[in-house]
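Engineer: Turn this into a structure:
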Amino acid sequence: METAVVNFSPEKYSVELRQIPKPEIKPDQVLLEVAAVGVCGSDLHQWTADHSWPVNYPVVLGHEFSGHVAALGSAVEGWKVGDRVVSETAAVIDLQSPLKHAGKYNLDPTRKGFGYGVDGAMTKYVSVPARCLHQVPDSFPMEKAALTEPCCVAYSATVENVRIKPGDMIVVIGPGPIGLLCAALAKLQGAIVAVAGLEKDAARLEIAKTYGCDIIIGDYTEWIKQGDGLGVDGVIDAAGVSSTLKTAIDIVRPAGWVSKVGWGPQPLNFSIDPLVQKAVTLQGSFSHNWPMWERVLRLLSTGMLNIDPIIGGEWGLGEWKEAFHTMHSGEIVKAVLRP
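Structural biologist: Coordinates of the predicted model:
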């Protein structure tokens, strides 16, 4: 038996430490001894019961994780016990799906991810399909490697799904972990970036400054005046509410783009006619695939993408509640658990 952080029902705050059996592995899986696991906003949303995706209760939380290979399934090749790895999140996919063959298995409708569809990594051991693994360079700390996944989410939204040119004016709405990582990646591409938030986001907006970004609280007008007055070239909507899409459509220039990566369960109550009138491209962005992971690991391990500013602290598994509360309050951007 092992200790795990379990989300056991759809009721608010239905998360607790439980004893669960050590997982068994199938022929195509490895048993991973978890080194570090990041707390994601989606973990917090399941904890506070304001998420908008189906959850297979009870389930062990945690989908951002690094670890060491502890055992190999009989059909696994190319890996050995002791390897330092990170895991993708697509725990269950249809291997015969056209999307899988196209390399877009992250969009497979049958996909089930760690932490909501199958047991995740807020525990000592987790079973992982070998196809999900990526090698972690020896010199790269495991607590940082655990955050490869949110970096891949941001990479997908900021690099893969849109085209940023040096000198573009970009606004990122929402200074959460994904928003700040999107801002950092937009800066790497040569954009002029502002991160927008609320007064209560002051601590997180200060982190945006460390990435060389301007900050916006309230009115966007003055910042947009730096350009030609027609609006910004692109908006990355990384907020967890639906209403920010209206702001994004309002401030983007004609023929500009909006990349929507933040989830918001609330219904829209505004017209999207301006999207049509301005011929704006609205791009949804979800998850990631193998090539993105390899590229992001390269950015992280070389230091080109610095995630030190977003790591707010490390907690033991038994201190999960303190980690959740500290992150949920906005005091820090990212909490990391060390099982």
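Engineer: All the helices of the stretch 201-339 of the chain, residue numbers only.
Structural biologist: Taking DSSP state H, counting those that start in this stretch, the helices of the stretch 201-339 of the chain run over residues 202-210, 221-224, 244-251, 273-277, 290-301, 320-328.
Engineer: what packs against the last one?
Structural biologist: Judged by 3 or more CB pairs under 8 Å, 6 or more residues apart in numbering; DSSP states H and E, helix 320-328 is in contact with strand 15-20, helix 41-48, strand 311-316, strand 334-338. Backbone N, C-alpha and C define where each C-beta goes, glycine included.
Engineer: Also the first one?
Structural biologist: The criterion is 3+ CB pairs under 8 Å, 6+ apart, and the helices and strands that helix 202-210 contacts are helix 177-188, strand 192-197, strand 214-217.
Engineer: So what touches the shortest one?
Structural biologist: Put plainly, it is strand 214-217. The contact list for strand 214-217 (CB atoms under 8 Å, 6 or more residues apart in numbering) reads 171, 192-199, 201, 205, 208-209, 223.
Engineer: How about stretch 147-155?
Structural biologist: By CB under 8 Å, 6+ apart, stretch 147-155 touches 38, 40, 63-66, 86, 88-89, 134, 177-178, 181-182, 184-185, 261, 285, 287-288, 292-293, 295-297, 299-300, 305, 307, 310-311, 334, 336.
Engineer: Only C-alpha atoms, please: export it in PDB.
Structural biologist: Extracted C-alpha coordinates of stretch 147-155, given in PDB (Å, rounded to 0.1, in the frame of the first residue of the first chain):
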ATOM      1  CA  LEU A 147       6.900  21.200 -14.800                       C
ATOM      2  CA  THR A 148       7.600  20.200 -18.400                       C
ATOM      3  CA  GLU A 149       3.900  19.500 -18.900                       C
ATOM      4  CA  PRO A 150       2.600  23.100 -18.200                       C
ATOM      5  CA  CYS A 151       5.400  24.400 -20.300                       C
ATOM      6  CA  CYS A 152       4.200  22.200 -23.200                       C
ATOM      7  CA  VAL A 153       0.700  23.500 -22.800                       C
ATOM      8  CA  ALA A 154       2.000  27.100 -23.100                       C
ATOM      9  CA  TYR A 155       4.300  26.100 -26.000                       C
END
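Engineer: How far away from the center of its chain is that stretch?
Structural biologist: Relative to its chain's centre, stretch 147-155 lies at 5 Å (CA atoms, centre = their mean, to the nearest Å).
Engineer: mean confidence for that stretch?
Structural biologist: For stretch 147-155, mean pLDDT is 98.
Engineer: Neighbours of the nearest residue to F270 once chain neighbours are set aside, how many?
Structural biologist: Among residues not flanking F270 along the chain, K246 sits closest, at 4.8 Å (CB to CB, 6 or more residues apart in numbering). By other CB atoms under 10 Å, the residues close to K246 number 16.
Engineer: Among the helices of the stretch 201-339 of the chain, which comes closest to P265?
Structural biologist: helix 244-251 (13.0 Å; CB to CB).
Engineer: So which residues of the stretch 51-200 of the chain form strands?
Structural biologist: Secondary structure of the stretch 51-200 of the chain, counting by DSSP state E, counting those that start in this stretch: strands at 59-60, 64-72, 84-87, 90-92, 112-113, 125-129, 133-135, 169-173, 192-197.
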